[in-house]
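Visitor: Got a predicted model here, sequence first, then my questions.
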Amino acid sequence: MTGHLEIQDVDIRLARLRARFITHQPYRNLQEQFDRLLRRRRAVLSLGTYTEAKGIALVGASGSGKTTAVNRLIGKFAGPAAPQERNAIAEIISLQVPSPATLKYVGSSMLHALGYPLERDKPAAFIWDQVRHLLKERRTLFVHLDEAQDLSSPT
């Protein structure tokens with residue numbers, strides 16, 4: 001019985017360690033890039049002009065902490081990532097790319113992240129028109145696509 005309690009204690013300690021986030025240089029680099037893009041995007045939009053949007057691709061091995069780093073970054077962001085009110089500003093939306101990663105399913109997931117889940121089946125063109133409209137209406141600056149590599153899968 002003693003061996004079982006020791007294993008359980010080790011598992012608890014490991015879980016506590018995994019729940020901790022230690023700021024490191026790659027995270028600071030990500031935060032710096034994010035902050036720079038955020039400032040630039042807000043400046044462009046404040047002038048009422050639109051330019052091509054820039055993005056950040058975070059690449060690393062499975063389990064290397066990419067999702068954890070982005071979630072921490074989004075969590076520190078002043079505005080809510082998924083506001084509860086339908087008309088609220090949503091400067092950041094975050095979603096996991098659905099499987100299968102078809103245009104229709106990704107668009108539907110984006111609508112859901114924007115607070116507008118589809119109630120009926122709609123064609124992909126309609127869904128993406130709604131996504132574009134809502135991104136502009138909710139003043140969305142960043143779209144976080146977790147597991148974006150699934151977008152390249154042929155479906």
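Guide: Perfect, I can see it now. Numbers count the residues shown, from 1 in each chain.
Visitor: quick one: average confidence on the top helix by length along the chain?
Guide: Longest helix in the chain, counting residues (DSSP state H): helix 25-46. For helix 25-46, mean pLDDT is 90.
Visitor: Name the residues of the following helix or strand past it that are buried.
Guide: Scanning forward in sequence from helix 25-46 by DSSP states H and E, the next helix or strand is helix 66-76. Within helix 66-76, the residues that qualify as buried are 66-67, 69-71, 73-74, counting by 16 or more other C-beta atoms under 10 Å. No exception for glycine: its C-beta is placed from N, CA and C like everyone else's.
Visitor: and what of stretch 103-123?
Guide: 104-111, 113-116.
Visitor: Could you chop this structure up by domain?
Guide: 1-57, 77-155 (automatic domain parsing).
Visitor: which one of those is the most hemmed in?
Guide: domain 77-155 (a mean of 15; mean count of other C-beta atoms under 10 Å).
Visitor: Tell me how far that domain lies from the chain's centre.
Guide: Relative to its chain's centre, domain 77-155 lies at 10 Å (C-alpha atoms, centre = their mean, to the nearest Å).
Visitor: The longest helix of the chain - contacts with which helices or strands?
Guide: Helix 25-46 sits against helix 66-76, strand 142-146, with contacts defined as 3 or more C-beta pairs under 8 Å, 6 or more residues apart in numbering; DSSP states H and E.
Visitor: With Ile93 as the reference, name the closest of these.
Guide: strand 142-146 (5.5 Å; C-beta to C-beta).
Visitor: For that closest one, give the mean pLDDT please.
Guide: Strand 142-146 shows a mean pLDDT of 90.
Visitor: quick one: strands adjacent to it?
Guide: Strand pairing for strand 142-146, determined by DSSP bridges: strand 92-96 (parallel).
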